[in-house]
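> sequence and predicted structure are below.
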Amino acid sequence: MIIKPVRFLEKAPERSRVEALDPDRSPPDEYSVIGREVYLHCPDGFARTKLTNGCFESRLQTAGTTRNWRTVLMLFEMTETDAQEK
């Protein structure tokens, strides 16, 4: 099963820090930094990747939290339902 987590960063990282990331750190895993998010593609599972929270926090110099995309969608649906009830 392909896991597609997203990492939400506290702040947008400096461009130079993003450019200094090693795209070959954990093959076949891939990532894309867009604004304050890091989108991950981990074909062998998120538990096996070397693209860890610590890896991104230390290199991008910003804290963050990682969530499975399915969880993100569930949380989004919950907020929409809550907003419609008000």
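Right, received. Where do you want to start?

> mean confidence score for the longest helix belonging to the chain?
Scanning the chain for the helix with the most residues, using DSSP state H, yields helix 69-85. The average of the pLDDT scores along helix 69-85 is 84.

> helices or strands up against that helix?
In terms of contacts (3 or more Cβ pairs under 8 Å, 6 or more residues apart in numbering; DSSP states H and E), helix 69-85 is packed against strand 5-9. Just so you know, the C-beta spots here come from the backbone N, C-alpha and C atoms, and that holds for glycine as well.

> what residues does the strand it packs on touch?
Strand 5-9 is contacted by residues 36-40, 42, 46, 53, 56, 60, 62-69, 72 when judged by Cβ atoms under 8 Å, 6 or more residues apart in numbering.

> just the buried ones from those, in PyMOL syntax?
Remark: buried members of these, expressed as a PyMOL selection using 16 or more other Cβ atoms under 10 Å:
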select buried, resi 38+40+42+46+56+60+62+64+66
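
> which ones among the contacts of strand 5-9 are found in strands?
Here DSSP state E is the test, and these give Glu37, Val38, Tyr39, Leu40, Gly64, Thr65, Thr66, Arg67, Asn68 as lying in strands.

> export those residues to JSON lines and tack on distance to Pro23?
What follows is those, written out as JSON lines (distance: Cβ to Cβ, whole Å):
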{"residue": "Glu37", "distance to Pro23": "17"}
{"residue": "Val38", "distance to Pro23": "12"}
{"residue": "Tyr39", "distance to Pro23": "13"}
{"residue": "Leu40", "distance to Pro23": "12"}
{"residue": "Gly64", "distance to Pro23": "19"}
{"residue": "Thr65", "distance to Pro23": "22"}
{"residue": "Thr66", "distance to Pro23": "18"}
{"residue": "Arg67", "distance to Pro23": "22"}
{"residue": "Asn68", "distance to Pro23": "22"}
